[in-house]
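Asks: I would like the atomic coordinates for the input below:
(one chain, ligands or ions: 2)
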Amino acid sequence: MLDSIKDKRLVFVTGKGGVGKSTCAAALGAALARRGKKTLVVETDAFSAMSELLGKSGKDGTRIKIADNLYAINLQSDECLVRSLTRFLPSERVVRSVTGNRVTEAFFKSAPSVNEFVLLDGILEFVEDNKQLYDHVIVDLPASGHAVTFLNVPDTLNQMMRGVGPFAKRAKVIAGWIHDSSRAAIVAVCLPEEMPVQETIELEDKLEEALGRGLELTMVNMVHPRPFPARFGTAFKEASESAGVNVDPTKEFSEESTATRRVLAGNVLAMSWYKRDRTYLDLLHSKLDAEIVELPMVYETEENDIVDRLANFINSDGQTTETLAS
Ligand SMILES: Nc1ncnc2c1ncn2[C@@H]1O[C@H](COP(=O)(O)OP(=O)(O)OP(=O)(O)O)[C@@H](O)[C@H]1O
Ligand SMILES: [Mg+2]
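Replies: Ligands and ions are numbered 1, 2, ... in the order given. Here you go, the predicted model:
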C-alpha cells in the first residue's frame with residue numbers, strides 16, 4: 001500500500017469537508033513514520049484538528065514531535081506572511097513597517113491569493129532545504145472545492161506579475177513543485193457515497209485542466225467492511241430468508257424480536273452497506289488511474305485511536321476492508 005506516494009517529498013491531501021481529510025492525513029503520516037520515514041504533517045486551519053487526532057498539542061506555528069519520525073505543525077498565514085516578507089523585502093525594518101501596521105497588513109492580506117501564496121511558501125521551506133529534513137511533508141489542504149484554486153495560486157501570481165520580480169520567481173519555483181508529479185503527490189480523500197465519489201472523479205479532471213497533472217492516490221474512508229466472511233454467505237442467505245428477515249431495522253428490532261432475528265437483521269443491514277460501498281469503489285476503480293486505498297469505518301474509539309488503527313491498517317500487509325471479517 002502507498003506505492004504511489006512512497007517517493008514523494010510533498011503530499012497534498014484534499015477532499016470534501018468532513019470526509020476525514022485530517023484523519024487520513026494524520027494516518028498517512030503515522031503509517032509512513034512507522035515505516036521509518038521522517039514525516040511532517042502540516043495543517044493550515046485556524047483550529048487545529050491534529051492535536052486531537054495525534055494525541056499531542058503545541059503552539060500554532062511550532063513544530064511538535066508526535067512519535068518517532070512523526071512531527072506536526074499548524075501553519076498560520078500571519079506568521080507565514082512575516083516569513084515570506086522577510087525573504088523578499090530589503091530589510092527587517094521594512095517588514096516590520098508592513099506587519100506592524102494594521103492598515104498595510106490588511107492591505108497585503110486582502111490582495112488576491114496572498115494567504116495561499118504565503119502558506120505554500122512556508123510549506124515549501126520544509127521540502128526544499130539541502131539537508132532533507134523530512135522524507136515526506138503531508139499537507140492537510142482546505143476542502144476540495146478550493147484545492148485546485150489553492151494549488152493554482154503560484155501559477156496565477158506568476159502570470160499576474162508576468163514573471164518579473166522576486167515574488168514571481170518564487171511563485172514559479174512553488175508552481176514547479178506542484179506541477180511535478182515525481183516530487184509532489186496529490187491525494188483525494190472521499191467516502192464511498194454518490195456525491196463524494198463524483199466530486200473525486202471531477203477533481204481528477206479539474207487538476208488535469210488546471211495543473212496538467214492528476215491524483216496519485218485516492219483514500220476511500222469509512223468503508224463498511226464485509227460483516228462476515230464470504231464462506232458463510234450461503235448459510236447466511238438461507239438463514240435470513242427462512243426467518244423472513246428484511247433490512248429495515250425499525251421493523252426488525254421490535255420488542256418481540258428474538259436474538260437470532262436481531263442478529264440476522266443487523267447483518268442483512270451491514271451487508272447492504274458493504275455492497276453499496278463496493279458499487280462506489282468499483283466506480284472509482286473504473287474511472288481513476290490513481291492508487292485507491294480503502295480505510296475501514298472504525299467504531300467507538302477516541303480520535304487518536306482511530307488514527308492509530310488506520311495507520312496500522314495501512315501498514316498491515318495485504319489486509320483489506322474485504323478481508324477484515326475473515
Ligand atoms: N475511518 C473512520 N472511522 C470512524 N470515524 C472516522 C473515520 N475517519 C474519520 N472519522 C471521524 O470523522 C470526523 C471527521 O473527521 P476529520 O476531522 O478528519 O474530517 P475533515 O474532512 O478533516 O473535516 P473538516 O472538513 O472539518 O476539516 C472525526 O470525528 C473523525 O474522528
Ligand atoms: Mg480537517
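Asks: flag every buried residue along the lengthiest helix in the chain.
Replies: Scanning the chain for the longest helix, with DSSP state H as the assignment, gives helix 259-287. For helix 259-287, a neighbour-count test (16 or more other C-beta atoms under 10 Å) marks 261, 264-271, 273-274, 277-278, 280-281, 283-284 as buried. C-beta: built from backbone N, CA, C; applies to glycine.
Asks: stretch 64-79 now?
Replies: For stretch 64-79, the neighbour count (16+ other C-beta under 10 Å) marks 64, 66-67, 69-77, 79 as buried.
Asks: show only the entries of the residues you listed found in strands.
Replies: Among the buried residues of stretch 64-79, the ones falling in strands (DSSP state E) are 64, 66, 67, 70, 71, 72, 73, 74.
Asks: how about TSV for these, with distance to ligand 1 and pLDDT added?
Replies: Formatted as TSV, those follow (distance: C-beta to the nearest ligand atom, whole Å; pLDDT from 0 to 100):
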residue	distance to ligand 1	pLDDT
64	18	89
66	16	92
67	18	93
70	17	95
71	19	94
72	14	93
73	16	92
74	13	90
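Asks: out of those residues, which are close to ligand 2?
Replies: Near ligand 2, judged by C-beta under 5 Å from the ion, there are no entries from those.
Asks: most widely separated two among those?
Replies: Spanning the widest gap among those are 67 and 74, at 17.2 Å by C-beta to C-beta.
Asks: count the residues that sit near whichever residue of the stretch 201-326 of the chain sits closest to ligand 1.
Replies: Closest residue of the stretch 201-326 of the chain to ligand 1, C-beta to the nearest ligand atom: residue 298 (3.8 Å). As a burial measure, residue 298 scores 17 neighbours (other C-beta atoms under 10 Å).
Asks: then the one 4 residues further on?
Replies: The local packing of residue 302 (other C-beta under 10 Å) involves 11 other residues.
Asks: could you do the one 10 residues further on as well?
Replies: Residue crowding around residue 312 was assessed by other C-beta under 10 Å; the count is 14.
Asks: helix, strand or coil: sort out residue 189 for me.
Replies: The three-state label given to residue 189 by DSSP: H, G, I helix; E, B strand; the rest coil is strand.
Asks: so how far is residue 267 from it?
Replies: As judged by C-beta to C-beta, to the nearest Å, residue 189 and residue 267 stand 28 Å apart.
Asks: same question, residue 53
Replies: Residue 53 is 31 Å from residue 267, where distance means C-beta to C-beta.
Asks: same check, this time on residue 164
Replies: 66 Å.
Asks: kindly report the same for residue 9.
Replies: Counting by C-beta to C-beta, the gap from residue 9 to residue 267 is 45 Å.
Asks: backbone dihedrals for residue 11, please?
Replies: Main-chain torsions, residue 11, degrees, to the nearest 10: phi -130, psi 110.
Asks: ok, the residue of the stretch 101-250 of the chain found nearest ligand 2 - contacts?
Replies: Nearest residue of the stretch 101-250 of the chain to ligand 2, counting by C-beta to the ion: residue 140, 5.9 Å away. With contact taken as C-beta atoms under 8 Å, 6 or more residues apart in numbering, residue 140 is in contact with 13, 21, 22, 25, 41, 42, 43, 44, 45, 49, 50.
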